[in-house]
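Trainee: Predicted structure and sequence below. I'll ask about it afterward.
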Amino acid sequence: MTRARNSDSARGRKGDFVLTKETSIGEQLHLQFRSEFFNLLNRANFGASVTRLFADAAGARNPTVGRITTSSAPRQVQFGLRLAFRTADAIR
């Protein structure tokens, strides 16, 4: 099945964004703060529409044909903190 340009599709732009900050604590100790934003703009990313006209082999019509029944998750934020020990060989 071919779809027209700009028609509904399951592919959406989510707008994910990652921000990191790394700080050295001494010579071998490093602290990294990480914040991840999923669906930053909080846009609705709809799923594909239902395309089956008939629900079963008996010929019963599908009442949800042509309707979009799913969407992706709303905006989510995740934070992380990492403490890394680096040896003198890894710094070179």
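Mentor: Noted; the coordinates are in hand.

Trainee: element containing S24?
Mentor: Here S24 sits within strand 17-25, counting by DSSP states H and E.

Trainee: what packs against that strand?
Mentor: The helices and strands touching strand 17-25, judged by 3 or more C-beta pairs under 8 Å, 6 or more residues apart in numbering; DSSP states H and E, are strand 29-38. Quick note: C-beta positions are derived from backbone N, CA and C, even for glycine.

Trainee: Can you list the strands that the strand it packs on pairs with?
Mentor: Applying DSSP bridges, strand 29-38 is found paired with strand 17-25 (antiparallel), strand 76-85 (antiparallel).

Trainee: Show me what the mean pLDDT comes to for the strand holding S24.
Mentor: Averaged across strand 17-25, pLDDT comes to 94.

Trainee: Stretch 57-69 too?
Mentor: Rounded mean pLDDT across stretch 57-69 is 79.

Trainee: Need the residues that contact it.
Mentor: 8, 46-55 (C-beta atoms under 8 Å, 6 or more residues apart in numbering).

Trainee: out of those, which are buried?
Mentor: Neighbour counting with 16 or more other C-beta atoms under 10 Å marks 49-50 as buried within these.

Trainee: Farthest-apart pair in the contacts of stretch 57-69, please.
Mentor: Farthest pair in these (C-beta to C-beta) is F46 and F54. Separation: 23.3 Å.

Trainee: Make CSV out of the strands paired with strand 29-38 and add mean neighbour count.
Mentor: Formatted as CSV, those follow (neighbours: other C-beta atoms under 10 Å):
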stretch, mean neighbour count
strand 17-25, 10
strand 76-85, 10
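
Trainee: Next, format those as a markdown table and append distance to R34.
Mentor: Converted to a markdown table, those look like this (distance: least, C-beta to C-beta, whole Å):
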| stretch | distance to R34 |
| --- | --- |
| strand 17-25 | 5 |
| strand 76-85 | 4 |
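
Trainee: circling back: to the chain's geometric centre, what's the distance from the strand holding S24?
Mentor: Offset of strand 17-25 from its chain centre (C-alpha atoms, centre = their mean, to the nearest Å): 21 Å.
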